[in-house]
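K.L.:
Predicted model, plus sequence, below.
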Amino acid sequence: MLRTEKEYEGAKVQLSKFQEAYDAQVKELMDKKKLSKEQAESSLSSTLTYGKQYMEDVELYERLKKGDLPPSSHFSSMGRYLIAARIAKGMTQRDLAQQLNVNEASVSRDERNEYHGVSLEKTEKILKVLGCKLEATKDKELASV
């Protein structure tokens, strides 16, 4: 999951490089092996999975930047949801750190670890700053904006 503008910009560059390399491989297979475009693409399907991950990460980050926060069930962990909520609120890691009265490195480290191991008290503070609330249900936990 992309967490910062720097990661986003880097992912866009990687995605562009991947697309260029993929297109070149397809062309080479078509020219040298005399495969159809469909056959060439099919033979590279496992390679395409790598590019799709970059594409999904970039698309999610762009949606979040527009304020489009998917439901918490979209994310594999509460930590990923917290990161997504921060981005959707238009906050940088620095902004969040200032609101929490901690240093930016602390927020960066927590997000790199997807908030694994942070206390419930800290999670509640983050949710409050983000304008979210935590609702516990019998089957799962749910955060909402």
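P.N.:
Here it is on my side, so go on. Numbering: from 1, shown residues only.

K.L.:
and the chain, what are its domains?
P.N.:
Per automatic domain parsing, the structural domains of the chain span 5-65, 72-144.

K.L.:
could you dump these to JSON lines with mean pLDDT?
P.N.:
Shown next, in JSON lines, are the domains of the chain (pLDDT from 0 to 100):
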{"stretch": "domain 5-65", "mean pLDDT": "94"}
{"stretch": "domain 72-144", "mean pLDDT": "90"}
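
K.L.:
Show me which residues of the longest helix belonging to the chain are buried.
P.N.:
Determined from DSSP state H, the single longest helix within the chain is helix 5-32. Residues of helix 5-32 classed as buried by neighbour count (16 or more other C-beta atoms under 10 Å): 8, 11, 12, 15, 18, 22, 26, 29. Every C-beta, even on glycine, is put in place using the N, C-alpha and C of the backbone.

K.L.:
What is the host helix or strand of residue 56 packed up against?
P.N.:
Assigned by DSSP states H and E, residue 56 belongs to helix 45-65. Contact here means 3 or more C-beta pairs under 8 Å, 6 or more residues apart in numbering; DSSP states H and E; on that basis helix 45-65 packs against helix 5-32, helix 78-88.

K.L.:
Contact partners for residue 59?
P.N.:
The contact partners of residue 59, taken as C-beta atoms under 8 Å, 6 or more residues apart in numbering, number zero.

K.L.:
From the buried residues of helix 5-32, pick the one nearest residue 91.
P.N.:
Among the buried residues of helix 5-32, residue 8 lies closest to residue 91 (C-beta to C-beta), at 14.5 Å.
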